[in-house]
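*Asks:* What follows is a predicted protein model with its sequence.
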Amino acid sequence: MKNKLTLPLIVTAQFCCTSLWFAGNAVMNDLVNSLSLSPDALGALTSAVQFGFIIGTLTFAVLTITDRFSPSNVFLVSALLGALFNAGIIWEANTLNTLLLFRFLTGFFLSGIYPVGMKIAADYFEKGLGRSLSFLVGALVLGTAFPHLLKVLTDTMPWKYVIIATSILATAGAFLIFLFVPDGPFRKPSSQFSFYAIKDIFKKPAFRASAFGYFGHMWELYTFWAFVPIMLYSYQELHSVPAFNIPLLSFIIIAVGGLACVIGGFISEKIGVKQTARIALTLSGICCLLSPLFFILNAPWVFVTFLVLWGMFVIADSPLFSTLVAQNAPAELKGTALTIVNCIGFAITIVSIQLLSVLQNVISIEYLFIVLAVGPLMGRVLNEEGRIKNVE
């Protein structure tokens, strides 16, 4: 039964558990130094989590796990296993291969946390789902950024403390859901497994349009997050300005997106989820196109302010497109719909990140991020073609 604490509990659990996502990134330099790894290992370890999440979401979607089994139980098991494999990073006998395996498995079980958390919220909140998922994705943003802040706060302490802390947080989040958030009153379980479920979901025009909007947003989002430290460092080098506190500024630029998600959720209750999502997608696309002007301008804090605003617009539409996906999916396949859309979205992020990684060797940094505008543009065009109701 839903009560006033249901949403705060889901949001808190989501924050705790998604802190696993970038725990490895926060201590990446320590890992490389302590194990004498090649600098090339940085990219491989970062990608391992994303690949794990993609394979995990694909597995969960194809097997319709979230719709056939209790979402709260799936969340519990996934969070506990994610915490366990995250803690594997501190194993003294680790090699690059074992680290890659641990990060891959952490990503795999994050697929039972992030989309499943949205499924749990959708089972509780048929009305006001846009605002509810906005809080939830806001928690994801803070959870994603939190290990970077944790690293700043524990800079004089052993790096293993960051890993231990995030695993403890994830364990706490697992039991918050299991003990206090049972399956929601609007859950409609699917009684059987079907390989055709995904194909059937995408037959619906409104669902496809919602998904395409989300895919356009994902082309930009994680690439922006991944390149924020590079943007700050490159700006320093370009203008020979005093050194930024790059870890702290990166945390702020990413974390402020959590506030943007919440603001977007409240705005969506006034003008509708669809309209709010499209506005945010358009604004983030405009930021991509304007980025050269701010790179060229020799005004450091204007540049940082621009990145903060971009950090808000780039994520504000995420929970809103997820709301549209959930609203336009068959009720008995809502969990599978959210999971497969996440799977495809994160696959797109790898293409985008790798493309910019290659292009940065041939395009001046000032103009590199114009490429990200392709996502918002295509997402907006394809989203407009769908017949999506402007849900509240």
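*Replies:* That came through fine.
*Asks:* any idea which element C287 lies in?
*Replies:* helix 273-296 (DSSP states H and E).
*Asks:* Likewise for A93?
*Replies:* With DSSP H and E as the criterion, A93 is inside neither a helix nor a strand.
*Asks:* Contacts only, for it.
*Replies:* Residues counted as contacts of A93 (CB atoms under 8 Å, 6 or more residues apart in numbering): none. Any C-beta I mention is one placed from the backbone N, CA and C, and that applies to glycine too.
*Asks:* What's the local residue count around the closest residue to F306 other than its chain neighbours?
*Replies:* Among residues not flanking F306 along the chain, F294 sits closest, at 4.5 Å (CB to CB, 6 or more residues apart in numbering). When neighbours are counted by other CB atoms under 10 Å, F294 registers 19.
*Asks:* cool, and F53?
*Replies:* Neighbours of F53 using other CB under 10 Å come to 26.
*Asks:* I'd say it and S111 touch.
*Replies:* Yes - the criterion here is CB atoms under 8 Å, and F53 meets it with S111 at 5.4 Å.
*Asks:* list residues touching both of those two?
*Replies:* 342-343.
*Asks:* Just the mean pLDDT for the helix holding C287, thanks.
*Replies:* For helix 273-296, mean pLDDT rounds to 96.
*Asks:* list the buried ones in that helix?
*Replies:* 273-274, 276-285, 287-288, 291-292, 294-295 (16 or more other CB atoms under 10 Å).
*Asks:* Next up, phi/psi of the nearest residue to S34 once chain neighbours are set aside, please.
*Replies:* Take S34 and drop its neighbours on the chain: the residue closest to it by CB to CB, 6+ apart is W159, 7.7 Å away. W159 has phi and psi values of phi -60, psi -20 when expressed as degrees, to the nearest 10.
*Asks:* following the helix or strand bottoming out on mean pLDDT in the chain, which helix or strand comes up?
*Replies:* In the chain, the helix or strand scored least confidently by mean pLDDT, DSSP states H and E is helix 197-201, which has a mean of 74. Going down the chain from helix 197-201, the next helix or strand is helix 205-239, by DSSP H and E.
*Asks:* Please name every helix or strand in contact with that following helix.
*Replies:* Counting contacts by 3 or more CB pairs under 8 Å, 6 or more residues apart in numbering; DSSP states H and E, helix 205-239 packs against helix 246-271, helix 273-296, helix 300-316, helix 318-327, helix 334-359, helix 365-368, helix 374-384.
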